[in-house]
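**Student:** One predicted model, sequence on top.
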Amino acid sequence: MPTSVREHSLFPLFCGNTGGIDSWLGGDGNDLVIERLNRIQAEPITCGQLNQLFALSHQASVSNEFFDYYWCKTPTHPYEVTKLPGYAEGYDGKDLIRTWDQLFWGLYRIYVDSLLYFGSIRSGYRALRNLNRSELTQYFDAKRHDDAAKIHRGTVLPLHPIAKDHRYLISEMACKNFDSSKTDSQMEMVLVGAWAEHQRSGGGRITAKKLLEASTLLSKFDKKQLDLFEGEEIIDEEVETLEQLKQRFIKLKDKWSFAREAALRNTRLYLSTADDLDVYVATSMRTRDQFRAMADRADKIFGTGYLKPLNLRYFDPTMSAAPGHEDKGLIECLMVKCAKVLIYMAGEKDSYGKDAEAAMALSLGKPVIFLCDDDERRNFFGDIHPLSRLVEFSTGVAVGVMATSSPEDVALLLYRIFSNDMEYELEHPQKGYFRLREKLTGSTVRLQTNDLMLRETFWNCYHK
């Protein structure tokens, strides 16, 4: 057992010495403070005495209600405060700090709240220290998700079904090949031209795939488009007449028409619930396999048993389409704005659109979860890429993504977010440099730099 407060394992965590409350324990000339804290277990500390100890280290005092909220209560909070280091049963209802663990538990909470909502420990402490119990409760209640309301709000109108194997037909590339509202569809024109070339060179039975590969028109129907339809009759089955080729095309176009009409109707259903959207799924899909994999991942995540009672409403991009790319952009911007959480489906190659959606969500201060294909990509987004942490525009608070390669982690994170059960871990790797990590993935979600010039310039200029 430690014989001095300085020997407590958490003591170094709170000694940032940046001039704010984190200078209270680690600053110069605070021997009297340490001497009094060393007697805490024999002589518990009152709010009045704590304020004296703050004043002796040139720190501002706190209200009685603040003292009570952080050291003598386990309140309903945006995260589970009992899971932070130093907590023990028996703090509730007391008006004294009786142990070093209790002292550090309250400080831990102050540091976490300050980084989460104010961007720096000094700013958070200054904003919260004089609030009364009602003001503190009101402030943090506004940060919570109303999980009971989600459970009782009921279900929404069902989406129009689209078979997973047909969802690729709503892609922009597929639409280019089939949409003939203004002119003949691209695919049909190329097929007819390729057939004419084939006839001039001798004709005979041939698959559409070989027909197109042999055609001089392939530049107008590139290999990516050809690969999109791999496995469909029109591509892989042999035909011997132009009429047979057209019939195969019509059959596939009918599938496209059905899928697209269902997707357009689904978009209207999504818009009808936009003001109560919980999760937006950002992805970039081009091939049939990518659409199928995305649909499977969404089913796996949102079909998790413990998520079902929350009735989460999420935007599934494999089930939605827009009349044109301008409308698509507006719809996606609205969905990102309305959603409480964004899931970024990281693939082998990512796109500007998906990156822009993640950036919008981070800049709005929303939780953003990156689901990566492998640990290497997870490490890149979680630990290496500097713009995996952006700034919430309205507050200046640095907001970082939560990166994982596990769909199970994504489901658990969603449950914790919407159940107000997130778990955080405070790190102090360098003097004055603080990180707040999300505990499940180890991702840095908030930070405070120890670069004095950067820190002071940032906050002096940001709200100018």
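**Tutor:** Cool, got the structure.
**Student:** Distance check, the residue lying closest to L115 once chain neighbours are set aside against V399.
**Tutor:** Distances taken as CB to CB, 6 or more residues apart in numbering place R446 nearest to L115, at 4.1 Å, with adjacent residues excluded. Backbone N, C-alpha and C define where each C-beta goes, glycine included. Between R446 and V399 the distance is 7 Å, computed by CB to CB, to the nearest Å.
**Student:** Enumerate every residue touching the residue lying closest to I234 once chain neighbours are set aside.
**Tutor:** Nearest residue to I234 in three dimensions, chain neighbours excluded: R248, at 4.0 Å (CB to CB, 6+ apart). If you count contacts by CB atoms under 8 Å, 6 or more residues apart in numbering, R248 has them with 208, 233-234, 237, 239.
**Student:** likewise R144?
**Tutor:** So R144 contacts 76-78, 420 (CB under 8 Å, 6+ apart).
**Student:** what about burial for those, which qualify?
**Tutor:** For the contacts of R144, a burial check counting by 16 or more other CB atoms under 10 Å picks out 77-78, 420.
**Student:** Kindly present those residues as TSV, with separate columns for secondary structure and distance to L413.
**Tutor:** Compiled in TSV, the buried ones among the contacts of R144 are given as follows (DSSP: H, G, I helix; E, B strand; the rest coil; distance: CB to CB, whole Å):
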residue	secondary structure	distance to L413
H77	coil	18
P78	coil	14
N420	coil	13
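**Student:** Which residue lies nearest the spatial centre of the chain?
**Tutor:** V368 (1.3 Å; CA atoms, centre = their mean).
**Student:** who's that one bridged to?
**Tutor:** L342 (DSSP bridges).
**Student:** Go ahead and confirm it touches A358.
**Tutor:** Yes - counting by CB atoms under 8 Å, A358 is a contact partner of V368 at 5.6 Å.
**Student:** residues shared between the contacts of these two?
**Tutor:** 342, 344, 401.
**Student:** can I assume the first one is in contact with V336?
**Tutor:** Yes - at 6.4 Å, L342 counts as touching V336 under the criterion of CB under 8 Å.
**Student:** Mutual contacts of the two, please.
**Tutor:** Joint contacts of L342 and V336 (CB under 8 Å, 6+ apart) are 280, 282, 357, 361.
**Student:** what helix or strand does the third one sit in?
**Tutor:** If you go by DSSP states H and E, E357 is part of helix 352-363.
**Student:** List the contacts of that helix.
**Tutor:** Residues contacting helix 352-363 (CB under 8 Å, 6+ apart): 280, 282-284, 332-333, 336-337, 339, 342, 344-345, 368, 370, 387, 389-393, 399-401.
**Student:** hang on, the earlier thing: would JSON lines of the contacts of R144 with pLDDT and distance to K94 be doable?
**Tutor:** Converted to JSON lines, the contacts of R144 look like this (pLDDT from 0 to 100; distance: CB to CB, whole Å):
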{"residue": "T76", "pLDDT": "94", "distance to K94": "18"}
{"residue": "H77", "pLDDT": "97", "distance to K94": "18"}
{"residue": "P78", "pLDDT": "97", "distance to K94": "24"}
{"residue": "N420", "pLDDT": "96", "distance to K94": "24"}
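**Student:** and these, which two are the farthest apart?
**Tutor:** Within the contacts of R144, T76 and P78 form the most distant pair, 9.0 Å apart (CB to CB).
**Student:** can you list the weak-confidence ranges in the stretch 101-250 of the chain?
**Tutor:** 180-185, 216-227, 231, 233 (pLDDT under 70).
**Student:** Which stretches in the stretch 201-350 of the chain count as strands?
**Tutor:** 206-207, 238-239, 279-282, 314-315, 341-345 (DSSP state E, counting those that start in this stretch).
**Student:** Most distant residue from the centre of this structure?
**Tutor:** G202 (57.6 Å).
**Student:** Kindly provide the distance from it to L37.
**Tutor:** Counting by CB to CB - G202 and L37 are separated by 95 Å.
**Student:** Quick check: closest non-adjacent residue to S23.
**Tutor:** Here the residue nearest S23, using CB to CB, 6+ apart, is N17, at 5.0 Å.
**Student:** returning to what we had before: now the helix holding E357: average pLDDT?
**Tutor:** The pLDDT scores in helix 352-363 average 91.
**Student:** Pull the distance from that helix to the chain's centre.
**Tutor:** Chain-centre distance of helix 352-363: 10 Å, with CA atoms, centre = their mean, to the nearest Å.
**Student:** Run the chain-centre distance for the longest helix anywhere in the chain.
**Tutor:** Longest helix of the chain, by residue count under DSSP state H: helix 242-272. Chain-centre distance of helix 242-272: 32 Å, with CA atoms, centre = their mean.
**Student:** Next, the buried residues of it.
**Tutor:** Neighbour-count burial for helix 242-272 [16+ other CB under 10 Å]: 245-246, 248-249, 252-253, 255-256, 259-260, 262-263, 266-267, 270.
**Student:** go on, stretch 415-431?
**Tutor:** Buried, per 16+ other CB under 10 Å, within stretch 415-431: 415-420, 422, 424, 426, 428.
**Student:** end-to-end on that stretch?
**Tutor:** End-to-end distance of stretch 415-431: 34 Å, with CA to CA, to the nearest Å as the criterion.
**Student:** oh, and call the first residue 53 from now on, that's how I've got it
**Tutor:** Yep, numbering from 53; the last one is stretch 467-483 now.
**Student:** how's this protein carved up into domains?
**Tutor:** Recorded structural domains for the chain (assignment: automatic domain parsing) are 57-196, 219-311, 326-514.
**Student:** Of all those domains, which one is nearest L211?
**Tutor:** domain 326-514 (5.6 Å).
**Student:** what about the closest one, distance to the chain center?
**Tutor:** Distance, centroid of domain 326-514 to centroid of chain: 2 Å (CA atoms, centre = their mean).
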